[in-house]
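[1] I'd like to go over a predicted model; first the sequence, then the structure.
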Amino acid sequence: MPGQIVTVFGGTGFLGRGIVRLLHNSGFAVRIATRHPDRARLPAPGNGSDIVSLHADVNDDGLVASAVSGAWAVVNAVSLYVEREKDTFQSVHVRAAERVAKLARQAGVDRLVHISGIGSDARSLSPYIRSRGEGESAVLHAFPSVTLIRPAVMFGLGDAFVTPLLVMIRQMPVFPMFGAGKTRLQPVYVEDVAEAITRTLQLPIAHPLYELAGPNIYRYEELLSTLAAAVDRRPLLLPFPFALWHVVGYLAEFLPNPPITRNQVELMAMDNVAESARAGFEALRIAPQQIENILPQIVAEASRLIT
C-alpha cells in the first residue's frame, strides 16, 4: 500500500507516464523500469514518496529480476504496435509478459497488474490480437492472482489515435474511412485508465479482469464527424475497403514512424467495445470522461503539430 514500492515497466510510454504520476501522487514509491531511463519524466519530490528510473529490458532475465526485487507490486504497461527485428508481438506481448510475471512471483511480489486490450483473443487470425490473448494466458499461468486490464482505444494529449486524425481532418477535404465507417468504438481517456490501475492497487482485493471503456459508443463515421466539428471542418467521408487499407498498412510499415500499420487496420475492422458483464470503471467508482470534454486540449496540441 502507500509507501511500498511499485515497479512500472513501460513507465515512459503514453499510458505508463500517467500510471507513474498517479501512483506517485498516491504515496507509492515508484520504480520506472525502462530501456531508456533518460526519457523518464520524474515528478518533483515533496509528497513523501520516492520515484526512480532504472535501466531494464523486458527481454533480459537479470534486468527484470533486478527491477522487481523488493517490490510490493508490478505493473506491466509494455506494448508493441510495429514489429522491428527482434521486437515482435510474440517476444513482447507473450514471452516478455510471461518473464515479468514469472520473475515477479519468484521475487515474492504481492500484486501484478498486466495491461492488455479489449478484443484480446488467443484464437484470432491477427498476429497482434492473438499475441495479446496468448500473453494474458501466459501471465495468468505464471502469476495466477494477476489483475488484467483491458482498455479500449485510448485518447489523450500526445495520443496515436485522435491527434493524428485531427491533423489529417484539417488537411484533407476528402477523408478515407476504414471500410464503411460502421465499426463501433468506445474510446477511453488515458488518464482515466491510469487512475483505474492506481485504484486497483489501493484495493485489498481487486477483480481479476477489468474492461475499461469510455461512456459513449460511436460508429467510426460518427467519431470522425465529432472530431471534424471540433476543428470546424466538414470533409467528405469516403468509404475505403479494408483490403486496400491492408496494402497501405504494409507499405507504411517500411517507414521509420508509420502513420498506419496492418495491426491497426485489423483492430479497426473489429468493434472495440467493453462487455457489459465485465467489471469496469463502475467497480472502481470512476466516472470516465467523454471525448468531447478532452477534445479542446487535444485540438490545441494538434494545432501545434501543424503550425
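    The structure has been received and is ready for your questions.
[2] Enumerate the positions of stretch 115-135 that are buried.
    Neighbour-count burial for stretch 115-135 flags 115-120, 124, 126-135 (criterion: 16 or more other Cβ atoms under 10 Å). (Glycine included, C-beta is placed from N, CA and C.)
[3] Chain neighbours aside, what residue packs nearest to residue 126?
    Distance criterion Cβ to Cβ, 6 or more residues apart in numbering; nearest residue to residue 126, sequence neighbours excluded, is residue 266 at 4.2 Å.
[4] tally of neighbours for that neighbour?
    20 (other Cβ atoms under 10 Å).
[5] likewise the one 3 residues further on?
    A count of nearby residues for residue 269, using other Cβ under 10 Å, gives 14.
[6] Report the spatially nearest residue to it, omitting neighbours in sequence.
    Excluding the flanking residues, the one nearest residue 269 by Cβ to Cβ, 6+ apart is residue 242, at 5.4 Å.
[7] wait, isn't the residue nearest to residue 126 in contact with residue 128?
    Yes: the pair residue 266 and residue 128 qualifies as a contact (Cβ atoms under 8 Å) at a distance of 6.4 Å.
[8] re the thing from before, so which of the buried residues of stretch 115-135 are in helices?
    Using DSSP state H, 127, 128, 129, 130, 131, 132, 133, 134, 135 are the members of these that sit in helices.
[9] which residue sits closest to the fourth one, ignoring its sequence neighbours?
    This points to residue 130. Per Cβ to Cβ, 6+ apart, closest to residue 130 is residue 124, 4.4 Å.
[10] in this structure, which ranges drop under the pLDDT threshold?
    Low-confidence segments of the chain, defined by pLDDT under 70: 1-2, 40-49, 305-307.
[11] In the record's domain split, what are the boundaries for it?
    As given by automatic domain parsing, the domain ranges for the chain are 5-151, 155-187+215-272+289-307.
[12] all helices of the protein, in order?
    Going by DSSP H, the chain shows helices at 14-25, 61-68, 89, 97-106, 127-142, 162-171, 190-202, 220-230, 242-252, 262-268, 291-305.
[13] what would those look like in TSV with distance to residue 35?
    Output for the helices of the chain, formatted as TSV (distance: least, Cβ to Cβ, whole Å):
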stretch	distance to residue 35
helix 14-25	12
helix 61-68	9
helix 89	18
helix 97-106	14
helix 127-142	19
helix 162-171	24
helix 190-202	21
helix 220-230	33
helix 242-252	24
helix 262-268	21
helix 291-305	26
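[14] For residue 53, find the nearest of these.
    Relative to residue 53, the nearest member of the helices of the chain by Cβ to Cβ is helix 14-25, separated by 9.2 Å.
[15] and residue 104, how many neighbours?
    Residue 104 has 29 nearby residues by other Cβ under 10 Å.
[16] can you pull the contacts of it?
    Contacts for residue 104 (Cβ atoms under 8 Å, 6 or more residues apart in numbering) come out as 68, 71, 74, 112, 143.
[17] same deal with residue 176?
    Residue 176 is in contact with 238, 239, 240, counting by Cβ under 8 Å, 6+ apart.
[18] Likewise for residue 6?
    Residues near residue 6 by Cβ under 8 Å, 6+ apart: 23, 28, 29, 30, 31, 71, 72, 73, 74, 75, 201.
[19] just to revisit the earlier point, return the member of the contacts of residue 176 nearest to residue 108.
    Distances from residue 108 to the contacts of residue 176, taken by Cβ to Cβ, are shortest for residue 240, at 52.0 Å.
[20] Enumerate every residue touching the nearest residue to residue 152 once chain neighbours are set aside.
    Sequence neighbours aside, residue 213 is the residue nearest to residue 152 in space, at 3.9 Å (criterion: Cβ to Cβ, 6+ apart). Contacts for residue 213 (Cβ under 8 Å, 6+ apart) come out as 118, 151, 152, 186, 187, 188, 272, 273, 274, 280, 288.
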